[in-house]
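Enquirer: pasting the sequence and the predicted model now:
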Amino acid sequence: MAWYSLPTRRETSIVLFSLTIFVLFYNLESSFRQLRTLQDWVAQGGSKQSGVAGNVDWEEELYGDWTLEELQVAKNAESRHQESVKNSTSLWGSRERSSSSIHPEIYGTVGVNDGYIHWSEELPTTTIIKHVPGSTILDHVFLFNGTVYLVTDDPSFPPVDAIASKPAEVPLSSDWQVLSTEKGREVLGQYGGLIHGVTWLCTDVQPSNYTLFSLWRTYSSLNTSLDPADPLILSPPRRIFYPNIPALIGSRPEMNAPILPRQRSPSGFHPYLPKAAFPTLGLMFREDWQDFASMQAPFLLRRVVVSDSGAARRYKEDVPPFAVPLAQLSSSKYWWEPIRRNLAAFLGVELEVKKNWIGSQKMVVTYLSCQDDPNGPKLRESDHEALVDMLDKLGKNYVVNVVHASASWKERMAAILRSTVVISAHGNHLADSVFMTPSSRSTLLELFPPGTVTRDAELSVKSLGISYVAWWHDNCYPAYRVKF
């Protein structure tokens, strides 16, 4: 309603009273101090010579004499950030226990203008950091017109066929080539593009389900003293190249043909896994490799970790190709723990072991059922039902999970992360068992169909200190005793 008349005396009094109360109580301490000052002034007869009331800074008395510290908001934000980092369980560890000089830089100080390098006559040479057949860490690798160039004058440099292959065969000079420094200046020129960070390179046509597992074992051999409580000082990998695998399966449709969805090429792991366990890792396929080859300019890769099953198979036949670095490269006992913890943090899984009412640890048993999987081996229905019935009768000291093949990736991985024992029929899905809880009681039980025995799951879990048992018919084989 509009106000057309002047305020009444009562309304004016209420407003003045409210303002007086507000002024007095807005800064209570200053108000009392000022009242005492006025009393003293009155007691002195209101002498103008005292000058007390006349020299009062009313702004200071009303609003206080505190000041906002410069950049205080930014400092508070930084302190909150440091606190969050301190309490973080992320893959790369806590900054509280590491100095800035050793903490891994994900992107470092690389800017948008740092993708170019002019080496002139000082051509960077390739050095071997770690090497076993099929698994190699190299610094300063060149990619030019689709060919990988290794520039070195070192006569002890390993042969190219021990490093890489042209799908499973000895690589041609158009694929991989070793150049002397003098020849390198002639072929590569004086400048080129610069690919920063750590690059993983898998040259296989059909990568193993253990490709990421094997690559990380090779890379983590650079830090053999890792402790579970320590931060990881290795720079995280930024990309993985699959130069022999297309991004999508099938031929490219014609321009005017109906649009049909195409499936992704198999990479050896669930597409969610690298995004959760290796969050800095970008996937690049044959099309990306061809893009670099078509640019007609050399690119220098700072550090490359190579995984090649053909090279491993040529020089080491007694173990699967992915397991060569597991057997021949030294590493910390906890080399896989940062990756496992990163996946657990992503899925919100607490890694503390559950205990019963008397304080002893509960065994978490997970049965990965394949009965609803249309492909791959599975148990006879009667055996499956007998196994589930037996697990249900284990008692209160056990936590039992029955995870079906149709379960979501998140449900399956969360169950495996908590598991002390994993039971399942033989299959590629057992590659996920490397994420189970490592302990003296941790065990993988693999049930083989008749006429099938492989060592992939055995070698992978044993490299983590997890026990392994194989079943075939009614026979138990705690065999294949491989030491790491």
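Expert: Structure received. Numbers count the residues shown, from 1 in each chain.
Enquirer: check contacts around the residue nearest the centre of the chain.
Expert: For the chain, F278 is the residue whose C-alpha lies nearest the centre (C-alpha atoms, centre = their mean; 3.0 Å). With contacts defined as C-beta atoms under 8 Å, 6 or more residues apart in numbering, F278 is in contact with L212, P236, P237, I339, N342. Placement of C-beta: from N, CA and C, glycine included.
Enquirer: go again with 10 Å.
Expert: With contacts defined as C-beta atoms under 10 Å, 6 or more residues apart in numbering, F278 is in contact with 91, 200, 212, 215-216, 236-238, 240, 269, 339, 342-343.
Enquirer: inside strands: which ones of those?
Expert: Counted as lying in strands by DSSP state E, out of the contacts of F278, are W200, P237, R238, I240.
Enquirer: can you pull the phi/psi pair for the closest residue to the third one other than its chain neighbours?
Expert: So the one you mean is R238. Sequence neighbours aside, G197 is the residue nearest to R238 in space, at 3.9 Å (criterion: C-beta to C-beta, 6 or more residues apart in numbering). Reported as degrees, to the nearest 10, the phi and psi values for G197 are phi 80, psi -170.
Enquirer: do a quick rundown of the strands in the stretch 151-300 of the chain.
Expert: Counting by DSSP state E, counting those that start in this stretch, the segments of the stretch 151-300 of the chain that form strands are 176-179, 191-202, 237-241, 282-284, 299-307.
Enquirer: tell me which of those is the most buried.
Expert: Stretch with highest mean neighbour count among these: strand 299-307 (a mean of 23; mean count of other C-beta atoms under 10 Å).
Enquirer: that one: how far from the chain's middle?
Expert: Offset of strand 299-307 from its chain centre (C-alpha atoms, centre = their mean, to the nearest Å): 19 Å.
Enquirer: next one: stretch 151-166
Expert: On the basis of C-alpha atoms, centre = their mean, stretch 151-166 is displaced by 30 Å from the centre of the chain it belongs to.
Enquirer: just the C-alphas of it, formatted as PDB.
Expert: C-alpha atoms of stretch 151-166 as PDB (Å, rounded to 0.1, in the frame of the first residue of the first chain):
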ATOM      1  CA  VAL A 151      69.800 -41.800 -32.300                       C
ATOM      2  CA  THR A 152      72.800 -43.300 -30.500                       C
ATOM      3  CA  ASP A 153      76.500 -44.000 -31.000                       C
ATOM      4  CA  ASP A 154      76.500 -46.500 -28.100                       C
ATOM      5  CA  PRO A 155      77.800 -49.900 -29.500                       C
ATOM      6  CA  SER A 156      76.100 -51.700 -26.500                       C
ATOM      7  CA  PHE A 157      72.600 -50.500 -27.500                       C
ATOM      8  CA  PRO A 158      70.200 -53.400 -27.700                       C
ATOM      9  CA  PRO A 159      69.000 -54.600 -31.100                       C
ATOM     10  CA  VAL A 160      65.800 -53.100 -32.400                       C
ATOM     11  CA  ASP A 161      64.100 -56.500 -32.600                       C
ATOM     12  CA  ALA A 162      64.500 -56.800 -28.800                       C
ATOM     13  CA  ILE A 163      62.600 -53.600 -28.400                       C
ATOM     14  CA  ALA A 164      59.800 -53.600 -30.900                       C
ATOM     15  CA  SER A 165      58.100 -55.600 -33.800                       C
ATOM     16  CA  LYS A 166      56.200 -55.000 -36.900                       C
END
